[in-house]
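Engineer: Sequence plus the predicted model coming up.
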Amino acid sequence: MYRPRLSVIIASSGRPTLQRTLDSVNPQLREGDECLVSMNLDCPWGHAARNQLMRAARGDALMFIDDDDWYTPGALELVRARIRLHAWKVHLFRMRYRDGRLLWADPEVRDGNVSTQMVVTPPPLRAQWGDRYQGDLDFIRGLQAEFGEPCWHTPVIAEIGK
């Protein structure tokens with residue numbers, strides 16, 4: 001059975017919550033997976049660090065999480081199962097804020113409805129994180145152009161610490 005290798009990419013500004021993020025990732029990693037972390041204090045929003053780490057990643061699928069957020073238990077296994085069904089598609093899962101609000105609200109790529117923590121993608125050839133606050137939106141739109149419409153999944157894979 002095909003078992004996709006995951007590359008989890010964390011752009012960190014050195015927040016003390018990084019350890020909690022790592023604690024949510026490391027127990028879920030399997031043989032062949034990797035967790036790539038860039039500590040960069042002069043990288044607005046982490047976008048440049050994510051672009052750099054994507055070039056170094058060796059996984060079949062890339063995932064992204066901020067250093068103040070965390071993956072839910074079983075998130076990476078759920079991701080692997082969905083990738084096995086559609087390996088060369090972009091997958092967008094849900095994430096939950098502390099107040100209980102969920103993103104995505106409806107399956108549409110738009111500002112305020114998509115975010116870094118929900119993206120799972122094959123390694124892109126062209127898509128990059130933009131150099132503005134909405135760089136995640138730019139990246140997801142670039143993935144759409146490269147891979148077509150994403151697969152939308154209702155399970156929550158990430159909790160947002162903000």
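Structural biologist: That came through fine.
Engineer: list the contacts for residue 93?
Structural biologist: Listed by C-beta atoms under 8 Å, 6 or more residues apart in numbering, the contact partners of residue 93 are 75, 78-79, 118, 120, 153, 155-158. Glycine gets a C-beta too; all of them are placed from N, C-alpha and C.
Engineer: before we move on, which element is the nearest residue to it once chain neighbours are set aside in?
Structural biologist: Spatial nearest neighbour of residue 93, excluding adjacent residues (C-beta to C-beta, 6 or more residues apart in numbering): residue 157 at 4.3 Å. Using DSSP states H and E, residue 157 sits in strand 151-159.
Engineer: Can you name every helix or strand that that strand contacts?
Structural biologist: Counting contacts by 3 or more C-beta pairs under 8 Å, 6 or more residues apart in numbering; DSSP states H and E, strand 151-159 packs against strand 70-71, helix 75-85, strand 91-96.
Engineer: so which of the ones you listed gets nearest residue 21?
Structural biologist: Minimum separation from residue 21 across the helices and strands packed on strand 151-159 (C-beta to C-beta) falls at strand 70-71, 5.4 Å.
Engineer: other SSEs contacting that closest one?
Structural biologist: In terms of contacts (3+ C-beta pairs under 8 Å, 6+ apart), strand 70-71 is packed against helix 18-25, strand 151-159.
Engineer: Other residues contacting it?
Structural biologist: Strand 70-71 has contacts (C-beta under 8 Å, 6+ apart) with 20-21, 23-25, 28, 65, 157-159, 161.
Engineer: Return a ChimeraX selection command for the buried portion of the residues you listed.
Structural biologist: To isolate the buried members of those in ChimeraX, using 16 or more other C-beta atoms under 10 Å:
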select :21,24,25,28,65,157,158,159
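Engineer: out of the contacts of strand 70-71, which one sits closest to residue 83?
Structural biologist: The nearest member of the contacts of strand 70-71 to residue 83, counting by C-beta to C-beta, is residue 157 at 12.4 Å.
Engineer: quick one: contacts for that closest one?
Structural biologist: Shown in contact with residue 157 (C-beta under 8 Å, 6+ apart): 71-72, 75, 78-79, 93-95, 117-118.
Engineer: What residues sit buried inside the lowest-mean-pLDDT helix or strand in the chain?
Structural biologist: Sorting the helices and strands of the chain by mean pLDDT, DSSP states H and E puts helix 47-56 at the bottom, at a mean of 92. Applying a neighbour-count criterion of 16+ other C-beta under 10 Å, one finds 47-54 buried in helix 47-56.
Engineer: Please produce a markdown table containing the residues you listed, extended by distance to residue 87.
Structural biologist: Formatted as a markdown table, the buried residues of helix 47-56 follow (distance: C-beta to C-beta, whole Å):
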| residue | distance to residue 87 |
| --- | --- |
| 47 | 26 |
| 48 | 28 |
| 49 | 26 |
| 50 | 22 |
| 51 | 23 |
| 52 | 25 |
| 53 | 21 |
| 54 | 18 |
